[in-house]
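**Q** Sharing a sequence plus its predicted fold:
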Amino acid sequence: MIEDAQSVATLALALAGGAVVGALHARLLWLSVNQLIHDGRIWVFAAGALGRLALIVVATAWFLNVADGRLIDLAVAVVGFVTARIAATRLVKRGFEGR
């Protein structure tokens, strides 16, 4: 019973962690695009792309290390990531529709 509770807690943490990484990724993307649109600096956008890539690589490595290589935890984290990205996209669309 305790093992099942620990497994559920681990999956919940993986989901929340993936959502945090997804929200951070969306924010970094927004900042990069905003800089590109307003200032026209392509190097800032490129640096942002490298930063987002580094975020994903580090987060994936960290999840695999913490989860002892259990791919189910990584899969649940990816679900959290995708959910946060979809939510961020919908919030931005609503913001633009209101203008």
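**A** Ah, there it is. Since the structure is predicted, the reported quantities are computational estimates derived from the model, not experimental observations.

**Q** Where do the helices of the chain begin and end?
**A** Listed from the start of the chain, the chain has helices (DSSP state H) covering 2-39, 42-66, 71-97.

**Q** Would you reformat those as a markdown table and include mean neighbour count and mean pLDDT?
**A** Glycine gets a C-beta too; all of them are placed from N, C-alpha and C. Output for the helices of the chain, formatted as a markdown table (neighbours: other CB atoms under 10 Å; pLDDT from 0 to 100):
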| stretch | mean neighbour count | mean pLDDT |
| --- | --- | --- |
| helix 2-39 | 15 | 87 |
| helix 42-66 | 14 | 90 |
| helix 71-97 | 15 | 87 |
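
**Q** With adjacent residues omitted, what lies nearest to the most centrally placed residue in the chain?
**A** By CA atoms, centre = their mean, the chain has its centre lying nearest to Gly22, at 1.7 Å. In this structure, Gly22 finds its nearest non-sequential neighbour in Ala84, 3.0 Å apart by CB to CB, 6 or more residues apart in numbering.

**Q** before we move on, back to that, can I assume the residue nearest to the centre of the chain is in contact with Val79?
**A** No. Gly22 is beyond contact range of Val79, at 9.7 Å (criterion: CB atoms under 8 Å).
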